[in-house]
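In: dropping the sequence and predicted coords here.
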Amino acid sequence: MTDDAVIASLAKAVEAQPDDVPLRLHLAQLLVNAGRTDEAVTQIAAALQREPDNASARRLMTSALTPADPLAAYEEELSDIVPPRFTVPADERPEPVAGEDDRIFDVERPKVKLADVGGMVDVKKRLDLAFLAPLRNPELRGLYGKSLRGGLLLYGPPGCGKTFLARAVAGELEAKFLSVSLADVLDMWVGGTERNLHELFLTARRNAPCVVFLDEVDALALKRSKTTSTGMRTAINQLLAELDGMEGDNDGIFVLAATNAPWDVDPALQRPGRLDRTMLVLPPDAPARASILQYHLRERPIARIDLDALVAATEHWSGADLEHLCESAAEYAMHDSITSGTVRMMEQKDFTKALGELRPSTGPWLETARNVAMFANGDGQYDDLAAYLRRRKLL
């Protein structure tokens, strides 16, 4: 007798004896085995109506409602040959962490120093005035009543070293470093983003002196007049409260924030005691470009490179652009070596080819900045930007 015939016979028997729960469950099991899940669920539900506490009926209902894994049987059969899916061997599982080490933010100790940062003389002076000198001179700091709290907003074209500068500040102080972006704190659940921001500053306070770096801060603290999201508004409010130290003492915490679009940052973020200083990080000047090019060529085979000509040809180029220039020149030299079968040095002609194809990435930013300096600088906030654009005859 076929399975269908057995099921049909049992169905008639159940119809004749509807209160026979074991018989109904036996029919349901055969229906599950045959893949007729909907019919099985109907039979199990009828059994549970008569015996709500029947453990066998509950287990069978769970089994019927759980999607079958077509690979499970093969896994069991081949378990001696093929390891199970989605498992980690016991000797490869990470050790559990607890206490203050069990946190969502990584605390670093950068090795780079300000001496490793090419150019940026004005920015380094501002950092020394606001944070570095007071930290190195605790007695004078006490005499003048200078606190170690504060913040600095770095803005400028992308690729000009804002993130690298923040790491260098922490390295210079031998302080801890926390780098945070929107993705690190944004949470889909209500209140989650605020909790993450609070945890960020708790971690910084535990590790003071500490440099907290808020990357692309305009994404985290967009002008509240520009956002219709209640969640983002409350996140900005939480960030402001943390910067004010309402949730704890911020002494020894220096906040560095970076943005390409300071005109999109909520103005409340730049009030005294928060990110109360703003510094323009410009494309590297001639000495800085020479330093950056030398750095990226230091381990490459070069010969007859006219560094002065490269510096003159790369005005308005960012540090990232200069790195790309060196990479492209290396590609030309390597391709020539592969084609000819003879390895040669990188030469000026490789850079000339690269310069003919590449363009500085700062162009779109400078165009936007020009409009801001011309039409949105009523309070003088962007005077340094306007002065730079005038020197470069862009304004």
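Out: All right, it came through fine. Every value quoted in this text rests on a predicted model; they were computed, and no experiment measured them. Numbering: from 1, shown residues only.
In: any idea how many residues pack against Asp20?
Out: 15 (other Cβ atoms under 10 Å). Glycine gets a C-beta too; all of them are placed from N, C-alpha and C.
In: what's the separation between the residue nearest to it when sequence neighbours are not counted and Pro301?
Out: Closest residue in space to Asp20, ignoring its immediate chain neighbours: Val14 at 6.8 Å, by Cβ to Cβ, 6 or more residues apart in numbering. The gap separating Val14 from Pro301 is 85 Å, by Cβ to Cβ, to the nearest Å.
In: quick one: which of these two has more around it?
Out: Val14 (21 against 13).
In: quick one: secondary structure of that one?
Out: helix (DSSP: H, G, I helix; E, B strand; the rest coil).
In: thought it was touching Leu23?
Out: Yes - at 5.7 Å, Val14 and Leu23 qualify as touching, with contact defined as Cβ atoms under 8 Å.
In: now tell me what touches the helix or strand hosting Glu194 from outside.
Out: Taking DSSP states H and E as the criterion, Glu194 maps to helix 192-206. Residues outside helix 192-206 that contact it (Cβ atoms under 8 Å, 6 or more residues apart in numbering) are 100, 103-105, 107, 176, 178, 180, 184-187, 210, 212, 231, 234-235, 238-239, 242, 247-250, 252-253.
In: sort out which of these are buried, if you could.
Out: Among these, the ones that count as buried by 16 or more other Cβ atoms under 10 Å are 105, 107, 176, 178, 180, 184-185, 210, 212, 231, 235, 238-239, 242, 250, 252-253.
In: quick check: mean pLDDT of the helix holding Glu194?
Out: For helix 192-206, the mean per-residue pLDDT is 89.
In: quick check: buried residues in it?
Out: Buried residues in helix 192-206 (16+ other Cβ under 10 Å): Thr193, Glu194, Asn196, Leu197, His198, Leu200, Phe201, Leu202, Thr203, Ala204, Arg205.
In: what's around the closest residue to Ala354 other than its chain neighbours, how many residues?
Out: In space, and not counting its chain neighbours, Ala354 is closest to Ser328: 3.9 Å by Cβ to Cβ, 6+ apart. Residues lying near Ser328 (other Cβ under 10 Å) number 16.
In: quick one: contacts for Ser328?
Out: Taking Cβ under 8 Å, 6+ apart, one finds Lys353, Ala354, Glu357, Leu358 in contact with Ser328.
In: helix, strand, or coil at it?
Out: Once three-state DSSP is applied, Ser328 turns out helix.
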